[in-house]
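>>> coords please:
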Amino acid sequence: MHFARIALAAGGLILPLIVFAATIKYTFNNVDIGGTVVEIEAVVKDTAHSDFTRCDFFSNDYVAWLGFYGEPVALSGATAVQNFCIGHFADRTTG
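Take a look at the predicted model:
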């Protein structure tokens with residue numbers, strides 16, 4: 001998790017403000033989605049201004065890229081991210 005410290009001036013006082021930003025990467029290998037075995041690489045970005053989760057899908061053993069799916073949502077935990085990616089495999093963009 002990355003932290004940024006920013007100072008705000010309020011009535012002559014300097015107030016520290018801590019801004020939290022996180023980018024978490026996940027890799028799920030040998031995932032069976034309806035009989036198709038895929039590799040999934042996912043990134044979850046959770047910032048003060050925006051959230052986004054992206055799943056990239058690859059054929060077994062990373063032979064070919066099968067597309068990606070992304071949505072402006074921040075998920076917490078590997079199980080939630082894996083379930084999100086599996087649930088959107090059919091919705092992926094391949095171009």
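
>>> who's residue 21 bridged to?
Note on residue 21: beta-bridge partners by DSSP bridges are residue 2.

>>> pLDDT score assigned to it?
pLDDT for residue 21: 70.

>>> test my guess that it contacts residue 48.
Yes: Residue 21 is within contact range of residue 48, at 6.9 Å (criterion: C-beta atoms under 8 Å). Where C-beta positions appear, they are placed from N, C-alpha and C, glycine not excepted.

>>> quick one: which of those two has more around it?
Between residue 21 and residue 48, residue 21 has the larger neighbour count (other C-beta atoms under 10 Å), namely 14 against 10.

>>> leaving out the residues flanking it, which one is nearest to residue 86?
Nearest non-adjacent residue to residue 86, counting by C-beta to C-beta, 6 or more residues apart in numbering: residue 33, 5.6 Å away.

>>> surely that neighbour meets residue 89?
Yes: assessed by C-beta under 8 Å, residue 33 is found in contact with residue 89 at 4.9 Å.

>>> quick one: which of the two has more around it?
Neighbours per residue (other C-beta under 10 Å) separate residue 33 from residue 89, with residue 89 holding more: 18 against 14.

>>> any idea what residue 54 is bridged to?
Beta bridges link residue 54 to residue 43, residue 70, judged by DSSP bridges.

>>> cool, residue 25 as well?
Bridge pairing for residue 25 - DSSP bridges - gives residue 43.
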